[in-house]
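S.K.: Okay, predicted coordinates and the sequence, questions at the end:
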Amino acid sequence: MQSYETAYITVKAIFMTVLLVGGFGYFFYKVRHLLLLMNAVQGERSAVPDRIGERVKVLFVDILGQKNVRRKLMPGLAHTFIFFGFLAVQPHSFQMMIQGVFPGFSVANFSPSLFQLYLQVADVLAFMVLLGLGYGLYRRTVLKPAYLTNGMDAKLIILFTSVIILTFHIYNAFHLMLPSHGFDYSRCFTVSKVFAAGMNLSSWTEPALQTGLEVTYWVHILTILGFLIYIPGSKHLHLLAGIPNVFYKPLDVEKLMIKTDIEDEDAETFGLAKIYELNWKQVLDLYACTECGRCEERCPASNTGKPLSPKELIHELKVELLGNADTIINKENVESLPSLVDDEMGAIKNDALWSCTTCRGCEDICPVDIQHLDIILEVRKNQVLMEAAFPQELQDTFSNLENQSNPWGFSEDTRANWCKDLKVPLMADNPDVDILWFVGCAGSFDDRNIEISKAIASLLNKAGVSFAILGTEERCNGDMARRCGNEYLAQMMIAENVELLNHYNPKRVLTGCAHCFNTIKNEYPDFGASFDVVSHVDFILELLEGGKLAVKKDYAGTITYHDSCYLGRWNNVYDSPRKVLSTLNPKVDLVEMVDHGDNGMCCGAGGGRMFMEETLGERINNVRSRQAIDTGADTVATACPFCITMFSDGIRDNKGTQDVKDIAELVDSVV
Amino acid sequence: MKVFVCVKNVPDTAANIRVVGENSFDESIKFLINPYDEYAIEEAARLVEKEGGEVVLVTVGKESAIKTVRSALALGSHRAILVTTDKQFLDSADTAAILQKVMEDDGPADIIFAGKQAVDSEAMQTAYRLAEGLNIPIASDVTEFSVANDKVSVEREIGGGEREIIEMTMPCVVAASKGLNEPRYPKLPDVMKAKKKEVKQIALADLGLTLTSETKLVTLEQVPDRSGAKIIGGSVSGGVAELVKILREDEKVIS
């Protein structure tokens, strides 16, 4: 061996040692900083995962199966290619690093056949990355979807990854042409072989090949190390945070709002006021965001020109968090950090905060399971309870709820007037019935929704169901107040209802309203009332399937069904309404709107938006109603009183001719 | 600065009143702060937040009014005095005399705020009678209020969209109308603190007053339901013709 070669190997080993220690050292330093920050935030949340078995399964399905990512076909496939290909080349790169320090090292020395197999797979998968990146580049330069953050960050990441993969192939192309010292590379590199041919390496001299190999080596290693230290500060942090965030995702569709102990006399603050009050999981949420923009594409507020984008919200919070990381980690006077909500300087602007309809479209579609609402709802809670800051028009609604226990302020003693002349018994007189029907405020007071209550009553009587209602004893279920941040008011009403329900101890609770359904079913157990709660849609299906109700004539006309968010995304009730509707006329198929099922678009009324003015951008119910009109269906069916109101207005304002009906009314008209 | 606010515990106007017997009603309905008093409470709170001092609420009512007093205390007031009676409706002169006695006993007021009327009895007299008793100036229907150099300046509605501006020396009575301010919504910590604020309860009998009780509540009657409105459909010109015909022939209000 010539002396300059020996010298080069020594210098290379020294350089590599310094680079590896420096690169990995800096990387781990940055990661440690991020972990310290996660540990320093003051929100409380257990880090002990429950239901481990299910979570491990999630890793297989969501991560290895790339299930969420592939809900968008082309970007999903591109991501899958990049994900597996990038992972596949890592052991090879790692070996290259070791070889830089210990030139004789090779996995081939331990198990040539295994190494050969690995290289064969990695070579093909690496090429898949290039396909994925090609699509990514095409999407970012030609398609340019509006929801996609298309900054320097993304382009740098594509550049880094491309160089790493290209140099992987080129490095191996050189290897193919050089003496192999006992290991046969020729059968490993299907793709790299093409690179060798393309670069016409067979005409290169051995010293030229040797030089090429070394140059490629350095480009490859330096790019990887550069990428490594770039990752923790970039959106590509999702590489590290995405998988744990998915692992810790809520396993159930049904989710609770956080129950705040409002009687806690030691509590200095309620809800989420400042960035250091996040919990570790919420910090992980922020780390995991890769700004793919699927949430923004889904968000009914973003889509109608309102100043809320779930993606921007997460991004702004991440900027706020990382910008104050040292203060939070060192616990230096964190109280002096600014409030999250401020129209001038805050990470969250009032109009954005109150534009959310809590439809959960963002959470549902997020490939890394970020829980946007855990933040939005807690911030609202803080604004109402600590600052009394909320849209002006809600003050009357809050007062109405407080005084008359319904959002409109009808006298509470008229709650049962809608059924004065009907056969609708009271729980007080019939405590032993099979079904306690919780009618809800809309179904009791709102003229249009009273018709739906009458249809439900008619169905129950036709089916001979033993049921009763609470009548004037019933209170608002609390959903509206809770989602508007008024936890105090909500808990007052919830406490009264819980006491009442426990007093009657019903076998089963039936609801006609998606919001009542969600709150009583999922949130009341937190307050001490656990009952079997069934939505009227599921119950009607039961009656039909059980032969208690029989369809006597076909429903005339085509129907399109609008998924209420609080039945669908909050409770996974997608199939039963469609099953019910399909029985109305077996000869006519249900027609679907462009957005439906878990991809459905909110009517605009959730999260208390029903009781707020909608002055920003276009009205959500108009956009959604036009989707319904575009189906050409004769009837728009839904199963939530707020959706009924929103569609009735939207269809009328857009000169649609569709009837807007609750499923109960449609069924009642044919049985 | 010592600011008194007169607060009445009244039935929610949204609630249906059910008359019971000759002159009483079912009081199981929701009671709350007289809505006009909310403006008074808010203005007093803002004044003291700016100038310093204390806001003392004074309520004359049944013992059950304590709930309303507590909720009023969450709106920026410091303490309250509740004079308990056994009747919801008192003669306005009696109420004013009771308020006057309480305020004199508690120490001199710099300003007294009240609502311009109570939404249950609608007598609109108490604030005037109180000012008369204390021999201090009063302005009612106040929609703007400011204080400078011991002088109070108020703007008040005088009907027909007209407003007048009055300057008064202190102490004085200011009776608030809608528009004076936007009453605050209580923050949760304020609701919690209000539970612990001092509420001095005095039975009317212990006040040592001789009341004149010049008016008596004889009967309470349900207001009859409004007869159904008639909606005239069709074209505008046809509708107008129809309306004129009804006014002329059926209602005979035009000839």
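M.R.: Everything's here; your move.

S.K.: Give the pairing partners of the helix or strand hosting B:L82; include direction for each.
M.R.: Assigned by DSSP states H and E, B:L82 belongs to strand B:79-84. Applying DSSP bridges, strand B:79-84 is found paired with strand B:54-61 (parallel), strand B:199-203 (parallel).

S.K.: looking at those strands, which is buried most?
M.R.: strand B:54-61 (a mean of 24; mean count of other Cβ atoms under 10 Å in any protein chain shown). All C-beta atoms are positioned from the backbone trio N, CA, C, and that covers glycine.

S.K.: how about the helices in the stretch 401-550 of chain A?
M.R.: A:441-445, A:447-462, A:479-483, A:487-504, A:514-518, A:536-545 (DSSP state H, counting those that start in this stretch).

S.K.: how about those helices, which one is nearest chain B?
M.R.: helix A:487-504 (5.3 Å; Cβ to the nearest Cβ).

S.K.: Mind listing residues that contact the closest one?
M.R.: A:260, A:262, A:270-271, A:381, A:384-385, A:398, A:401-402, A:405, A:427, A:431, A:436, A:470, A:473-479, A:481-482, A:509, A:519-520, A:523-524, A:527-529, A:531, B:188, B:191 (Cβ atoms under 8 Å, 6 or more residues apart in numbering or on different chains).

S.K.: which ones are touching the closest residue in space to B:E54 that isn't next to it in sequence?
M.R.: Leaving aside its chain neighbours, B:E54 sits nearest to B:H78 (4.5 Å; criterion: Cβ to Cβ, 6 or more residues apart in numbering or on different chains). Counting by Cβ under 8 Å, 6+ apart, B:H78 makes contact with B:V48, B:E54, B:V55, B:V56, B:K197.

S.K.: what sits against the residue of the stretch 51-200 of chain B found nearest chain A?
M.R.: Closest to chain A within the stretch 51-200 of chain B is B:L188: 4.0 Å, counting by Cβ to the nearest Cβ. Neighbouring residues of B:L188 by Cβ under 8 Å, 6+ apart: A:I262, A:F270, A:L385, A:M386, A:Y488.

S.K.: For the strand holding B:L82, list every residue counted as buried.
M.R.: Residues B:A80, B:I81, B:L82, B:V83, B:T84 are the ones in strand B:79-84 that count as buried (16 or more other Cβ atoms under 10 Å in any protein chain shown).

S.K.: average pLDDT across that strand?
M.R.: Taken as a whole, strand B:79-84 has a mean pLDDT of 98.

S.K.: With stretch A:277-289 instead?
M.R.: 97.

S.K.: Narrow the contacts of B:L188 to those in helices?
M.R.: A:L385, A:M386, A:Y488 (DSSP state H).

S.K.: separation between the second one and B:T95?
M.R.: The one in question is A:M386. 37 Å (Cβ to Cβ, to the nearest Å).

S.K.: Mind checking which of these two has more residues around it?
M.R.: Shown here are A:M386 and B:T95; by other Cβ atoms under 10 Å in any protein chain shown, B:T95 has more neighbours (25 against 19).

S.K.: quick one: pLDDT of B:T210?
M.R.: 89.

S.K.: can you list the residues of the stretch 1-150 of chain B near chain A?
M.R.: B:D12, B:A14, B:A15, B:N16, B:R18, B:I29, B:K30, B:L32 (Cβ under 8 Å from any Cβ of the partner chain).

S.K.: So the chain: which segments form each domain?
M.R.: Picked chain A for this. Listed by automatic domain parsing, the domain ranges of chain A are A:1-43+A:253-387, A:68-233, A:396-668.

S.K.: switch to chain B, that's the one I care about
M.R.: According to automatic domain parsing, the ranges for chain B are B:2-207, B:231-255.

S.K.: so A:A637 sits in a strand?
M.R.: Yes - assessed by DSSP: H, G, I helix; E, B strand; the rest coil, A:A637 belongs to a strand.

S.K.: show me the contacts for it.
M.R.: Counting by Cβ under 8 Å, 6+ apart, the residues that A:A637 touches are A:I559, A:T560, A:Y561, A:H562, A:P577, A:L581, A:K661, A:D662, A:I663, A:L666.

S.K.: The last one against A:N585, yeah?
M.R.: Put plainly, it is A:L666. No - under the criterion of Cβ atoms under 8 Å, A:L666 is not in contact with A:N585, lying 9.9 Å apart.

S.K.: what touches both of those two?
M.R.: What both A:L666 and A:N585 touch, as defined by Cβ under 8 Å, 6+ apart, is the set A:Y555.

S.K.: what's around residue 145, how many residues?
M.R.: Went with chain A since none was named. 14.

S.K.: ah, no, chain B please
M.R.: 23.

S.K.: Now the phi/psi pair for it, please.
M.R.: Torsion angles at B:F145 (phi, psi; degrees, to the nearest 10) stand at phi -140, psi 140.

S.K.: can you pull the contacts of it?
M.R.: B:F145 touches B:E43, B:L47, B:V152, B:S153, B:V154, B:E155, B:V174, B:A176, B:L180, counting by Cβ under 8 Å, 6+ apart.

S.K.: how does it look with 6 Å?
M.R.: B:E43, B:V154 (Cβ atoms under 6 Å, 6 or more residues apart in numbering or on different chains).

S.K.: Quickly list what it is bridged to.
M.R.: What pairs with B:F145, by the bridge criterion (DSSP bridges), is B:V154.

S.K.: How much space separates it from B:A114?
M.R.: In terms of Cβ to Cβ, B:F145 sits 12 Å off from B:A114.

S.K.: Then B:A65?
M.R.: From B:A65 to B:A114 the distance is 16 Å (Cβ to Cβ).

S.K.: Compare the two (neighbour count), which wins?
M.R.: Using other Cβ under 10 Å as the criterion, B:A65 and B:A114 rank with B:A114 on top: 33 against 25.

S.K.: got the contact list for the helix or strand harbouring that one?
M.R.: Per DSSP H and E: B:A114 is located in strand B:111-115. Applying Cβ under 6 Å, 6+ apart, the contact partners of strand B:111-115 are B:3-6, B:34, B:36-37, B:40, B:43-44, B:127, B:173-176.

S.K.: Just the buried residues of those.
M.R.: Among these, those buried by neighbour count (16+ other Cβ under 10 Å) are B:3-6, B:34, B:36-37, B:40, B:43-44, B:127, B:173-176.

S.K.: Tell me which of those residues fall in helices.
M.R.: Among these, the ones falling in helices (DSSP H) are B:Y36, B:D37, B:A40, B:E43, B:A44, B:A127.

S.K.: Include distance to A:I224 and pLDDT when you put these into TSV, please.
M.R.: As requested, those are exported to TSV (distance: Cβ to Cβ, whole Å; pLDDT from 0 to 100):
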residue	distance to A:I224	pLDDT
B:Y36	74	97
B:D37	72	98
B:A40	72	98
B:E43	69	98
B:A44	69	98
B:A127	81	97
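
S.K.: A:K235: which of those is nearest?
M.R.: B:E43 (51.6 Å; Cβ to Cβ).
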